[in-house]
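*Asks:* Everything below, folded, please.
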Amino acid sequence: MSDFSVEPVLTGKLTVLRPFTEADAEGMAEIIEDPEVIHFTGTPSAELTLERLRSWYGSRSAQHDRLDLAVTDRATGELVGEVVLYEWDAHARSCTFRTLIGPGGRGRGLGTEATRLIVGYGFEHLGLHRIELEAYGHNARALRVYEKVGFVVEGVRREADLRDGEWVDWVVMGLLDRDWAALNSTAR
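*Replies:* You can find the predicted model right below:
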């Protein structure tokens, strides 16, 4: 089991996942402020100034307990979002996954491929046993992507959050190393 000190560049047919730099702050600011992103992730708890974002994205490669990678469109190089493995538990060989894809990356398979790339890296290179995530129950696009990649619904935290005056569910999903291996042995 390795830690997250090595920041890989992961290349797929549609996307390239690469370490963040300070220069990504402007692009991520636009993505974070997108109405659909806010709808499915919530309003940031603190004001996200460009200075704060530059500091955050500029410091990602120094964080060895998590792996934050920029998702870029392979054809154009455009920054379209991020994928993150965090809450690393070395003893349980597990971590949590989250992603954020802005308008420029939606509806073209980039989010699905980016999810497959980082999840595959987690199992095949980091030796993870389990990757889990939580998503809003009304985020049908994200749930579809996660199921396509192999995540299984493990439970629902009913009415766990109040969003825009409505109670919403959190869907808990998980993927194990043996399930990933079985799903991907037939695909190769």
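*Asks:* How many residues are close by Phe97?
*Replies:* Phe97 is flanked by 25 other residues according to other Cβ atoms under 10 Å. The C-beta positions use only the backbone N, C-alpha and C, and glycine is treated the same way.
*Asks:* Contacts only, for the spatially closest residue to it that is not a sequence neighbour.
*Replies:* Spatial nearest neighbour of Phe97, chain neighbours left out: Leu133 (4.7 Å); criterion: Cβ to Cβ, 6 or more residues apart in numbering. Shown in contact with Leu133 (Cβ atoms under 8 Å, 6 or more residues apart in numbering): Thr96, Phe97, Arg98, Tyr146, Phe151, Val172, Met173, Gly174.
*Asks:* Unless I misread the structure, Ala25 falls within a strand.
*Replies:* No. Under the criterion used here (DSSP: H, G, I helix; E, B strand; the rest coil), Ala25 is helix, not part of a strand.
*Asks:* Residue numbering should commence at 48 henceforth.
*Replies:* All set: I'll call the first residue 48, so the last point we hit is now Ala72.
*Asks:* My read is that it contacts Thr96, right?
*Replies:* No. With contacts counted by Cβ atoms under 8 Å, Ala72 stays clear of Thr96, the gap being 9.5 Å.
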